[in-house]
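Chemist: 3D model of this:
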Amino acid sequence: MRKFILPAVAALALGAATPAMAYDAGDQTSMEAALDVASSFGIVTVSNTQFLGDEWEVEGRDRAGRWMQVHVDARTGEVRNVDRGW
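Modeler: Coordinates of the predicted model:
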């Protein structure tokens, strides 16, 4: 009986999982473009990239190893803000 319970539970869990849906970015700036913008402002090593709905937040380090964060507008690709650690 146990031989059949575990596979049945696994099958139910897989069937209940929400399928991944493709996201249509429309006319928004891609993550790759946001990373290019951030690198033009000095980020050489990216540690985190996050999409916040209306902007991309790219965190990383500059050539000197200092932390920095660049906020890129998701529609225009323009930089909204640059935070630099000291």
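
Chemist: and Ala34, what are its phi and psi?
Modeler: Here the main-chain torsion angles of Ala34 (degrees, to the nearest 10) amount to phi -60, psi -40.

Chemist: I'd say it and Val46 touch.
Modeler: No. Checked against CB atoms under 8 Å, the pair Ala34 and Val46 is beyond contact range at 10.1 Å. C-betas here are computed from N, CA, C, even on glycine.

Chemist: counting neighbours, what do you get for Val70?
Modeler: The tally of other residues near Val70 (other CB atoms under 10 Å) stands at 27.

Chemist: which SS class is it?
Modeler: Following DSSP: H, G, I helix; E, B strand; the rest coil, the label given to Val70 is strand.

Chemist: now swap in Ala64 and tell me
Modeler: Secondary structure, three-state DSSP: Ala64 is coil.

Chemist: and the helix or strand where Val82 lies, what's its mean pLDDT?
Modeler: Take DSSP states H and E as the rule and Val82 turns out to sit in strand 79-84. Confidence over strand 79-84 (mean pLDDT, whole number) is 95.

Chemist: which residues does that strand contact?
Modeler: Contacts made with strand 79-84 from outside it, assessed by CB atoms under 8 Å, 6 or more residues apart in numbering, are listed as Val37, Phe41, Glu55, Asp62, Arg66, Trp67, Met68, Gln69, Val70, His71, Val72, Asp73.

Chemist: also stretch 48-67?
Modeler: The list of residues contacting stretch 48-67 from outside it, by CB under 8 Å, 6+ apart, reads 29, 31, 34-35, 38, 42-47, 68-75, 80, 84-86.

Chemist: how many residues are close by Ala64?
Modeler: Counted with other CB under 10 Å, residues neighbouring Ala64 total 8.

Chemist: brain fart, Arg61
Modeler: Applying other CB under 10 Å, we find 16 other residues in the vicinity of Arg61.

Chemist: and for Asp73?
Modeler: 17.

Chemist: surely it touches Ala33?
Modeler: No. Distance between Asp73 and Ala33: 10.9 Å, which falls outside the contact criterion (CB under 8 Å).

Chemist: pLDDT at Arg61, what is it?
Modeler: At Arg61 the predicted local confidence, pLDDT, stands at 96.
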